[in-house]
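**Student:** Sequence first, predicted model second:
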Amino acid sequence: MRRAIVMGGSFAGLNAAQALSRHVEEVVVLEPDDIGEDGLGERSPHRTQLHALLAMGHTQIESRFPGITQELVEAGARLGQGREVQFYVDGVCRPPVDGIQMLGASRPFLEAAVRRRVLALGNVRLVHGHARGLTFDGERVSGARFSEAGSPHPEQMLDADLVVDAMGRSSRVATWLEEAGRGRVPTDRMRVDLGYATASFTRGDELGSTIIAHSAPGPASNYQPGLTEPGALAAVEGGRWSVVVAGYADQRPTDDVEDFLARMRRCVGPIHTVAQACSMIGKVEAFNFRESQRRNYHGYARLPGGLVVLGDALASVNPVYGQGLTLAALQAHCLDHFLGSGADLHEPATAYFRRASAFVDAAWQLSTTADLAQPHVLGPYPPGYRLMKWAGDKITGASVTDPEINDLFMNVVHMKVPPRQLTSPAVLLRALRVGGRRDA
């Protein structure tokens, strides 16, 4: 290929650009936000929220950018494993899992390191501009229209062999395709009405070697708003704790400092300890997430050639489960594999979307099955949901006390294995035996 355009230059777009750089003479990244060396910009307040990079996401970026973990750790990030990484369900800490590492770093810090690596590639250039539309040549996308910041020209056109949509959940590509007479992209939605808020705290040795602690209500939750709170903390660069608290519907947190601290005190032990022992740095940043969304391009009958979609533009699921960054990294891996297969880019990228949908569907199943247990989430319910919920409750309960089931459960959470492995008859039978022993 001669040229590829990536519309969107945050984490998903940067990973896509690296994958493309291995197959394309020139990669042009269009990014409307003027993102500084610190990884912060003005257009995305969500970037300041605590983000998780799951174990499979960490594996992917280390493979894509060799040595980046050591680079981040030397600059202040923390790398945790074993008992340093704690996952709670309904207030109970799970057993540690061997082989799972998590990186303690803020989203801007991680993204800035990735951006430096990508822009150092000789065939990648960044254009500070806003994508305005697609151009077509018959049945394929042939480029993009954009406006460049500071340019006297209101709009420019750039031809490309491949255009990648990495513009996030608010991407207008599906709308542009419909306006071009290609019909609607099938889209699934589930309203969750989640709110969350993040703040930073001074970090000492109050939690010993703990690097990450995460707590969320389980599928058959004992969670009672106001009594226990879902949240997470991570030891990040700059000698700080980054803490996030979350709530649904009327229990969504605000940017009020006293409310934030009160929620922390109702969280699990590590988060409560930070509220009691550490000083807040700066202010509380609140964010609302209305609904999970999945655009099903693999089932889109009028899919043109020359177009690929990834990141939140493809699927954006409940961020409580921390899947977003990892999902983007896995989709970039799918793109790399697709390009390496010698696919004809004049034809629809069906093979890419089919491969990417396997990861999207896994994330969607995990998050929406748990979300449907919340009383305010009204569906849509998938076929066989009652049976899925019953089995999920049994397996989740058993995973808290049974190391073998917990290892499998956490490997699913970290997107190392697909959710279907949790629903095998052997796993369910073991979960029932464990539950029986616990009840006795």
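**Tutor:** It's in. Numbering: from 1, shown residues only.
**Student:** Give me the buried stretch members for the longest helix seen in the chain, please.
**Tutor:** Criterion DSSP state H: the longest helix present in the chain is helix 350-371. Within helix 350-371, the residues scored as buried using 16 or more other Cβ atoms under 10 Å are 352-353, 355-357, 359-371. Heads up, the C-betas are built off the backbone N, CA and C, glycines and all.
**Student:** Quick one: list the elements packing against the helix or strand harbouring residue 111.
**Tutor:** Residue 111 belongs to helix 107-119 when assigned by DSSP states H and E. Helix 107-119 makes packing contacts with helix 11-21, helix 68-74, strand 124-137 when contacts are defined by 3 or more Cβ pairs under 8 Å, 6 or more residues apart in numbering; DSSP states H and E.
**Student:** Distance of the residue nearest the centre of the chain relative to residue 318?
**Tutor:** For the chain, the residue nearest the mean C-alpha position is residue 324 (0.7 Å; Cα atoms, centre = their mean). Remark: distance between residue 324 and residue 318 (Cβ to Cβ, to the nearest Å) = 10 Å.
**Student:** Excluding chain neighbours, what is closest to residue 244?
**Tutor:** Sequence neighbours aside, residue 50 is the residue nearest to residue 244 in space, at 4.0 Å (criterion: Cβ to Cβ, 6 or more residues apart in numbering).
**Student:** Surely the one you found is in contact with residue 240?
**Tutor:** No. With contacts counted by Cβ atoms under 8 Å, residue 50 stays clear of residue 240, the gap being 10.8 Å.
**Student:** mind listing the helices in this protein by residue range?
**Tutor:** 11-21, 55-64, 68-74, 107-119, 173-179, 257-265, 269-277, 324-340, 350-371, 385-399, 403-413, 425-439.
**Student:** Comparing those, which comes out most buried?
**Tutor:** Mean neighbour count (mean count of other Cβ atoms under 10 Å) peaks for helix 11-21 among the helices of the chain, with a mean of 27.
**Student:** Which elements pack onto that helix?
**Tutor:** For helix 11-21, the packing partners by 3+ Cβ pairs under 8 Å, 6+ apart come out as strand 3-7, strand 26-31, helix 55-64, helix 107-119, strand 124-137, strand 162-165, helix 324-340.
**Student:** what's the closest of the ones you listed to residue 98?
**Tutor:** Checking the helices and strands packed on helix 11-21 against residue 98 by Cβ to Cβ gives helix 55-64 as the closest, at 11.2 Å.
**Student:** where does the stretch 251-400 of the chain dip in pLDDT?
**Tutor:** Applying pLDDT under 70 to the stretch 251-400 of the chain flags no residue at all.
**Student:** And for the helix holding residue 111, what's in contact with it?
**Tutor:** 9-11, 14-15, 17-18, 21, 29, 35, 37-40, 47-51, 53, 61, 65, 68, 71-72, 75-77, 103, 124-126, 236-237, 325 (Cβ atoms under 8 Å, 6 or more residues apart in numbering).
**Student:** Stretch 328-342 too?
**Tutor:** Outside stretch 328-342, the residues that touch it by Cβ under 8 Å, 6+ apart are 1, 11-12, 15-16, 18-20, 22-24, 56-57, 60-61, 64, 164, 166, 308, 310-312, 314, 349, 351-352, 355-356, 359-360, 415.
**Student:** will you turn the helices and strands packed on helix 107-119 into CSV that also has mean pLDDT?
**Tutor:** Formatted as CSV, those follow (pLDDT from 0 to 100):
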stretch, mean pLDDT
helix 11-21, 97
helix 68-74, 97
strand 124-137, 96
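**Student:** Any idea which of these gets closest to residue 380?
**Tutor:** helix 11-21 (26.3 Å).
**Student:** what angle separates the closest one from helix 324-340?
**Tutor:** Following axes from the mean of the first three to the mean of the last three Cα atoms, to 10 degrees, one obtains 20 degrees for the angle between helix 11-21 and helix 324-340.
**Student:** coming back round to it: format the helices and strands packed on helix 107-119 as TSV; extra columns: distance to residue 400.
**Tutor:** TSV is the format used below for the helices and strands packed on helix 107-119 (distance: least, Cβ to Cβ, whole Å):
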stretch	distance to residue 400
helix 11-21	32
helix 68-74	30
strand 124-137	45
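**Student:** Which among these is found nearest to residue 411?
**Tutor:** Of all these, it is helix 68-74 that lies closest to residue 411, at 19.8 Å by Cβ to Cβ.
**Student:** mind saving the C-alpha coords of the closest one as CSV?
**Tutor:** Extracted in CSV, the C-alpha atoms of helix 68-74 (Å, rounded to 0.1, in the frame of the first residue of the first chain):
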residue,chain,number,x,y,z
ILE,A,68,8.0,0.1,26.7
THR,A,69,7.2,-1.5,30.1
GLN,A,70,10.7,-0.9,31.3
GLU,A,71,10.7,2.6,29.9
LEU,A,72,7.4,3.4,31.8
VAL,A,73,8.6,1.8,35.0
GLU,A,74,11.9,3.8,34.9
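**Student:** for that helix, packing partners?
**Tutor:** With contacts taken as 3+ Cβ pairs under 8 Å, 6+ apart, helix 68-74 sits against helix 55-64, helix 107-119.
**Student:** For my notes, please list these in JSON lines and give distance to residue 286 and mean pLDDT for each entry.
**Tutor:** Formatted as JSON lines, the helices and strands packed on helix 68-74 follow (distance: least, Cβ to Cβ, whole Å; pLDDT from 0 to 100):
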{"stretch": "helix 55-64", "distance to residue 286": "25", "mean pLDDT": "95"}
{"stretch": "helix 107-119", "distance to residue 286": "16", "mean pLDDT": "96"}
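**Student:** mind putting those helices in TSV, distance to residue 433 included?
**Tutor:** Converted to TSV, these look like this (distance: least, Cβ to Cβ, whole Å):
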stretch	distance to residue 433
helix 55-64	28
helix 107-119	41
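**Student:** nearest to residue 264, of the ones you listed?
**Tutor:** Nearest to residue 264, of the helices and strands packed on helix 68-74 and by Cβ to Cβ, is helix 107-119 at 20.3 Å.
**Student:** Next, the angle from the closest one to helix 11-21.
**Tutor:** In terms of direction (the same axes, to 10 degrees), helix 107-119 departs from helix 11-21 by 20 degrees.
**Student:** Report the angle between helix 107-119 and strand 3-7.
**Tutor:** Going by the same axes, to 10 degrees, helix 107-119 makes 170 degrees with strand 3-7.
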